[in-house]
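In: Pasting the sequence and the predicted model now:
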Amino acid sequence: MSYIRFENLHKSFGKNEVLKDINLEIEKNQLVTLLGPSGCGKSTLLRCLAGLEDVTSGKVYLDGKDITNVNPKDRDIGMVFQQYSLFPNMTVAQNVAFGLRMKKVPKNEADEKVMKMLENVGLADKAGSYPAQLSGGQQQRAALARAIVTEPKVLLLDEPLSAIDALLRRSLQIEIRRIQREINMTAIFVTHDQDEAMVMSDVIHLMNKGKIEQSANPTDMYTKPVSKFAASFIGHYNILPAEVFGKLVGEDLCCRDVVFRPEVVEISASPTNEEGRYYWQGKIIDSLPHGNILRYAVLSGDTQIDVDVLFRSSMMFDVGQELFLAIKKENCILL
Amino acid sequence: MKKKTTAAHIVIILIGIYLLIPLFATAVYSMFEKWTGLLPEGFSVKHYLTLFTEREFMSALFNTVIICIVPIVITILLVLLALFAVTVYFPRLEKYVQILCMIPYTIQGVILSVSILSLYAGSKGILDNRMVMLVGAYCIIILPYIYQGIRNGLNAVNMPMLLDAAEMLGASKLYGFFRVIVPNIISGITVSSLLAVGIIFGDYVLIRNITGTSFKNVQIYLFLEMKSSSTKASAVFVIIMMTTFLITALVLFLKNKEAKGRAKSAER
């Protein structure tokens, strides 16, 4: 039986329906990501679970209990917010101790837990500092410590790293994942960053326009998108109408769209002919380096196709050069 | 450029002298027996010594402090609770609360006191009590200042998010408000309270119209002393002025401290 369950959940703000019939199950001790573009309803869904938003209709279950109408303070859920939300008038230690005090944990025990938690997030030396004296990363670690020190049933993270620079974000992603595994806590992470979702999650729930578009583990989410939206949001898929792709490769395809990732396209200066591949020709119109990847924009007919190759001299082509493209049929996803 | 700065300094000094002359003259006058010729005669600080040992004056000073504190505390509590309810539960009503709180800006003291008297004098119950009327009148007069101070303070903190965070940690909304939000706007509350103290401290119209001379604060004491000894009245005036100066200095100090604190946070 699932640990968290949303059942026919609807949420509207006035006439605007933000969540449309959400049915979702989340297993215990997993880190699950709600991924989607801005305005898709992922934060609202998280707030419905936290109790910070009332649901319009439907049910929310946690650990087998219906918590739809339970007060947020009684749900035993921890939450980390996007803008840290540390209490500015309290020191880091006082912030972390706040939840324990609300739970009436004896002072000695609470102090011990606070220090242990601050050591765990690497902030033991900042216990007496005020939030304004901390960097963004330190503030977010303090917020994380405050949310988990009470050992809640679920930890909710609402885009907690979006205000942090890229380098620090990567190290915090790893740190959050480490802590979540260490304490074996069920966590729901909200983000609009697909790379972040890939790195951190056991399961990704991709959301679009108030609905769950696809639920899968990171590998399947990346390699097997079930819709045009999923293909366009995850990775950098080439999405071509079947008719257009059929003309390029000289075959009739009985579907609406053909999608394939840029890195599965093979390019060469001379034609090849192997079984189980589609072939066509194109001309390079642009090339852009992306770290260790070189992304070519190839024009085939009127269609632009992106092709990723490893950045090495033997695979360099010039802009304007005509070349041959090939793709294994199994790497084309027909939608 | 330098010429312009010098000219500006001279103008400021001249205005300063012009404004300070009456105060200086009053202070000098209060420290002499008489001042009929060019120079005052008979230097003495006896009025000050008398005032600070005189029971009646100390009682007037005490009354002034009490009549300052009570309405300020009541108004702060009312505004805090109103803004809590409006921000958390009825955000759409905020503009109406703002209008209501700003109305007293336009009410003159005379009109307010006469209105209160004609409405409540002779009525049965606690509202007939002149002290209750006076406290009520002061609550109305200081309402816009207190409201504005608290509102500005609340605008500077992300109240909904902090309340959400407190609630997720097991606190009720009201507890979160008083434990987390209020301490963060305490500087705004202090500044507006001190402004309110200044207003009540300097009031004569309301207290004279509502309580007559039955409740003696320093202003009423000054009014009565003016009839018996003008030099002593000057000493009373100087003490009132010094107190007002101290309040203003405290307000400026707190505002500077707040601005410096914000600048420091921003630098980080």
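Out: All right, it came through fine. Numbering: from 1, shown residues only, chains lettered A, B, ... in the order given.
In: can you count the residues close to B:Val11?
Out: 10 (other CB atoms under 10 Å in any protein chain shown). Using the backbone N, CA and C atoms, a C-beta is placed for each residue, glycine as well.
In: Distance check, it against chain A.
Out: 41 Å (CB to the nearest CB, to the nearest Å).
In: so that residue is in which element?
Out: Assigned by DSSP states H and E, B:Val11 belongs to helix B:2-30.
In: Which neighbouring residues are in contact with the closest residue to chain B within the stretch 101-250 of chain A, exactly?
Out: Ranked by CB to the nearest CB, the top residue of the stretch 101-250 of chain A for proximity to chain B is A:Met102, at 3.3 Å. Contacts for A:Met102 were tallied using CB atoms under 8 Å, 6 or more residues apart in numbering or on different chains; they are A:Lys73, B:Leu169, B:Gly170, B:Ala171.
In: Relative to chain A, how far out is B:Tyr96?
Out: 21 Å.
In: tell me what the helix or strand that that residue is a member of is packed against?
Out: Element membership of B:Tyr96 [criterion: DSSP H and E] is helix B:94-102. Judged by 3 or more CB pairs under 8 Å, 6 or more residues apart in numbering or on different chains; DSSP states H and E, the packing partners of helix B:94-102 are helix B:55-88, helix B:130-156.
In: If we go by neighbour counts, what in the first one is buried?
Out: By neighbour count with 16 or more other CB atoms under 10 Å in any protein chain shown, helix B:55-88 contains the buried residues B:57, B:60-61, B:63-65, B:67-68, B:70-72, B:74-76, B:79-80, B:82-84, B:86-87.
In: what do you get for the last one?
Out: Residues of helix B:130-156 classed as buried: B:130, B:133-151, B:153-154 (neighbour count, 16+ other CB under 10 Å).
In: Walk me through the domains of chain A.
Out: Chain A is divided into the following domains under automatic domain parsing: A:4-233, A:238-334.
In: tell me the mean pLDDT over the first one?
Out: I take that to be domain A:4-233. Averaging pLDDT along domain A:4-233 yields 92.
In: what about it, start to end distance?
Out: Using CA to CA, to the nearest Å, the end-to-end distance of domain A:4-233 comes to 26 Å.
In: quick one: that domain to chain centroid distance?
Out: Centre-to-centre, domain A:4-233 and its host chain are 12 Å apart (CA atoms, centre = their mean, to the nearest Å).
In: now the last one
Out: Using CA atoms, centre = their mean, we find the averaged C-alpha position of domain A:238-334 to lie 28 Å away from the chain's own average C-alpha position.
In: Ends of it, what's the gap?
Out: 12 Å.
In: Report the buried residues of stretch A:31-45.
Out: For stretch A:31-45, the neighbour count (16+ other CB under 10 Å) marks A:Leu31, A:Val32, A:Thr33, A:Leu34, A:Leu35, A:Gly36, A:Cys40, A:Gly41, A:Lys42, A:Ser43, A:Thr44, A:Leu45 as buried.
In: Mind checking which of the residues you listed land in helices?
Out: Among the buried residues of stretch A:31-45, DSSP state H puts A:Lys42, A:Ser43, A:Thr44, A:Leu45 in helices.
In: related to what we said a few turns ago, can you give me the distance of the residue of the stretch 101-250 of chain A closest to chain B to A:Leu46?
Out: Distance of A:Met102 to A:Leu46, computed by CB to CB, to the nearest Å: 21 Å.
In: Also A:Asp158?
Out: To A:Leu46, A:Asp158 is 6 Å away according to CB to CB.
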